[in-house]
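Asker: How does the following fold in three dimensions:
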Amino acid sequence: MPRKKRDRAPGIHHVVVGAAGPISYYRDEVDRMGWTRRVVRTLARYDWTCVILCQLTTHVHALLDIPDESLPDGMRDLTAGYTREFNARHDRFGYLVRDRYWSTRIKTNEHLLATFRYIARNPLGAGLSARPEDWYWSSFATSCRLAGTFPFVDATLVLSQFGSSPAAATAALRDFVGRA
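Answerer: Below is the predicted model of the structure:
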């Protein structure tokens, strides 16, 4: 049976990439930084905007605003390049990702907010941090102006749902994401 065709339509896409089998997608901070550099290059090359990014241990989530039909090409470049770099660095070969990346297009503001919240809270569910803003490898703290770790991330679309004052919007977003 052939695979389902990709949704290539422009828009905001929730994208997930995960490791094949019981291995880590990131073994250390060097891997995480290498992947982050590749994301930045991919954003620039394809004119994408990253709304939120969260690197866990075995997988990564991102909300990407894609202006055209370039999502498959950009994700191929990102994941294939990272796999080659990871394999060379860790003296391994073969597949690193379990399958093609997974994605779904965001179609409503409610879906946007729920997905942003889900991604920001992922480190809690994985036992990696006690609060969403504490996980260093998530851009949530940058979006809330608590850190500058991910300066390439632009959560304006999400923050605009919480009011026009930057301070009030940021506080409301932290409250929205922080609620159990």
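
Asker: In the protein, mark out all the strands, start to finish.
Answerer: Assigned by DSSP state E, the chain shows strands spanning 11-18, 49-55, 59-66, 102-105.

Asker: packing partners for the second one?
Answerer: In this case it means strand 49-55. helix 29-46, strand 59-66, helix 109-125, helix 140-143, helix 156-159 (3 or more Cβ pairs under 8 Å, 6 or more residues apart in numbering; DSSP states H and E). All C-beta atoms are positioned from the backbone trio N, CA, C, and that covers glycine.

Asker: now that strand against helix 109-125, angle please.
Answerer: 20 degrees (axes from the mean of the first three to the mean of the last three Cα atoms, to 10 degrees).

Asker: got it, and the first one?
Answerer: For strand 11-18 against helix 109-125, the angle by the same axes, to 10 degrees is 20 degrees.

Asker: got the CA positions of strand 11-18 in CSV?
Answerer: Listed next in CSV are the C-alpha coordinates belonging to strand 11-18 (Å, rounded to 0.1, in the frame of the first residue of the first chain):
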residue,chain,number,x,y,z
GLY,A,11,0.9,27.2,6.5
ILE,A,12,2.0,26.2,10.0
HIS,A,13,3.0,22.6,10.4
HIS,A,14,3.6,20.6,13.6
VAL,A,15,6.7,18.5,12.7
VAL,A,16,8.2,15.6,14.6
VAL,A,17,11.4,13.7,13.8
GLY,A,18,12.4,10.7,15.9
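
Asker: Fine by me, thanks again.
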